[in-house]
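Novice: output the structure for:
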Amino acid sequence: MKHHIELLLERAGRLAAKSSNALLLTTLMGAGALACSDAAPLAEDLGEATQHVRGRLNNNHPFANEGGAAATFSTAGFVDLQNEFHTPQGTNGRSCGTCHLPESGWSINPCQIEALFAKTAGTAPLFNPLDANSATADVSTPAARRASYSMLRSGLFRRGANLPATAEYTIVAVDDPLHAGGSSTRFEFFRRPLATANFHLALNVGWHSQNGQTATPPPTAGLTAQAVGNVTGAQQGAPASAEVIDAIVTYESQLSFAQLIAPRAGRLDKCGGRGGPELLASQSFVDAPFDLFDAWAAPSHGCGSSPHRRQIARGQALFNATNPGGGSCRGCHNAANNGSNVNGTLFDIGASDADKREPGMPLYTLLRTSTGEIKQTTDPGRAAAGTGTWATLNRFKVPSMRGLAARAPYFHNGIAKTLLDVVKHYEEKLGFVYTPQEEEDLVAFLNAL
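Specialist: Numbers count the residues shown, from 1 in each chain. Now for the predicted structure:
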């Protein structure tokens, strides 16, 4: 007989496969594709059809991922999949929900994009020249589209920004292998879409805070600016009405997303654990350590005695502690049990450095005009906005950490393919020091978020 948790995960996958036509991956390929696995699509199970009402998700509805299963909780009582967020508002068939899917943490992953490309030969609304490798990319044939959407198929969307008029630097050289459009006056770069959830524990919206920052969450002004720009930009539409924009912002502000089940550890909100999205929805926005799994730290003969639960608790302790290398994960991820930053501070963690450049990414050589200092970057982050200060070069938002297992790859440019890669990046770039066992423990914790 299968282990109870394995049955839960299998059931999560079957439910995911029936959730909605808006849920790209499971609609196209079944739950097995969530991790680009070779598993065949799960068969229909009509006995569970009553678990889902078409056009909406019940709160805590599980979706399988590599770390177990994750879910969304909405303060509205259920997750509406037919509202303004999921309805095209422009002329190209896209909606906000085209790139922000509940089964992938309200982002989208490369497996989903590849599945959609395979099904539609790159003609679905997601595949728009706006996000091709360059503005002049050839999209006339399936083969041309496959080449021209190579970065998008890796989960990366082309974005750009003009060199700020008051920038403290100049762009002195550009290496742009895909002809994305970088120049001496403009940046073009490739970024992952951020999750459109957990905004009740955030002060800013975009990767480099381009939509502004508020004093207290949710960042309503930033969400409003983002929604307005998405309709006229990504959806290529006329300006939406205030009612439509307000509905989108309200919906996003109601969503909490987190991991719900971890293999061999079970439900993350049971046996003293306080994981899952429902408890996250009532979490206060305060500077404090993670304490979701404190009850699992000590060996016992009771409900929380699983060695896998104790491993998650050890990882939590490592995350909260000052590392022997001198840093602390909590130094940036200080919002209690969410991991965003309570001050909205942006940080440079080395992800834009030239030695982290991956194929297709442009590389910009920048000259600080006051000192002659030279730096290279694949994406200048905050320095591409506002006054373009040198001190903000390569600084990016600290996003919510909940539901990480659902939305690989990681960082603004997707250079970390797994959570272990994330840990190793911090070891390499920020001097963190972990033993192999500690790396495993920390990854177990991150997967349980």
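Novice: now the strands for the stretch 251-400 of the chain?
Specialist: Residue ranges of the strands in the stretch 251-400 of the chain, as given by DSSP state E, counting those that start in this stretch, are 255-262, 266-267, 363-368, 374-377.
Novice: out of those, which comes closest to residue 162?
Specialist: Minimum separation from residue 162 across these (C-beta to C-beta) falls at strand 363-368, 13.1 Å. Backbone N, C-alpha and C define where each C-beta goes, glycine included.
Novice: tell me which other helices or strands that closest one touches.
Specialist: Secondary-structure packing of strand 363-368 (3 or more C-beta pairs under 8 Å, 6 or more residues apart in numbering; DSSP states H and E): strand 169-175, strand 374-377.
Novice: partner strands of it, with direction?
Specialist: Here strand 363-368 is paired, per DSSP bridges, with strand 169-175 (antiparallel), strand 374-377 (antiparallel).
Novice: if we go by neighbour counts, what in the last one is buried?
Specialist: By neighbour count with 16 or more other C-beta atoms under 10 Å, strand 374-377 contains the buried residues 375, 377.
Novice: so residue 105 sits right up against residue 407, yeah?
Specialist: Yes: contact status for residue 105 versus residue 407: in contact at 3.7 Å, counting by C-beta atoms under 8 Å.
Novice: give the residue from these two that has the larger number of neighbours.
Specialist: residue 105 (29 against 24; other C-beta atoms under 10 Å).
Novice: for the more buried one, what are its contacts?
Specialist: 70, 195, 197, 257, 403-404, 406-407 (C-beta atoms under 8 Å, 6 or more residues apart in numbering).
Novice: return the member of those nearest to residue 146.
Specialist: Of the contacts of residue 105, the one sitting nearest to residue 146 (C-beta to C-beta) turns out to be residue 407, at 23.7 Å.
Novice: hmm, residue 110 and that closest one touching each other?
Specialist: No: at 10.7 Å, residue 407 does not count as touching residue 110 under the criterion of C-beta under 8 Å.
Novice: identify the contacts common to residue 105 and residue 407.
Specialist: By C-beta under 8 Å, 6+ apart, the residues touching both residue 105 and residue 407 are residue 195.
Novice: can you count the residues close to residue 345?
Specialist: Counted with other C-beta under 10 Å, residues neighbouring residue 345 total 15.
Novice: what about stretch 202-216, start to end distance?
Specialist: End-to-end distance for stretch 202-216, by C-alpha to C-alpha, to the nearest Å: 8 Å.
Novice: endpoints of stretch 396-405, how far apart?
Specialist: Stretch 396-405 has its terminal residues 21 Å apart, counting by C-alpha to C-alpha.
Novice: now do that stretch: distance to the chain's middle.
Specialist: The gap between where stretch 396-405 is centred and where its chain is centred comes out at 6 Å by C-alpha atoms, centre = their mean, to the nearest Å.
Novice: one step back: residue 274 is nearest to which of the strands paired with strand 363-368?
Specialist: Evaluated with C-beta to C-beta, the strands paired with strand 363-368 place strand 374-377 nearest to residue 274, the distance being 39.2 Å.
Novice: now the helices and strands packed on strand 363-368 in TSV, with mean pLDDT and distance to residue 126?
Specialist: Below are the helices and strands packed on strand 363-368 laid out as TSV (pLDDT from 0 to 100; distance: least, C-beta to C-beta, whole Å):
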stretch	mean pLDDT	distance to residue 126
strand 169-175	98	28
strand 374-377	98	28
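Novice: indicate which one of these is closest to residue 159.
Specialist: Closest to residue 159 of those, according to C-beta to C-beta: strand 374-377, at 14.2 Å.
Novice: quick check, distance from the helix or strand just after that closest one to the centre of its chain.
Specialist: On the C-terminal side of strand 374-377, the nearest following helix or strand under DSSP states H and E is helix 419-430. Distance of helix 419-430 from its chain centroid, counting by C-alpha atoms, centre = their mean, is 17 Å.
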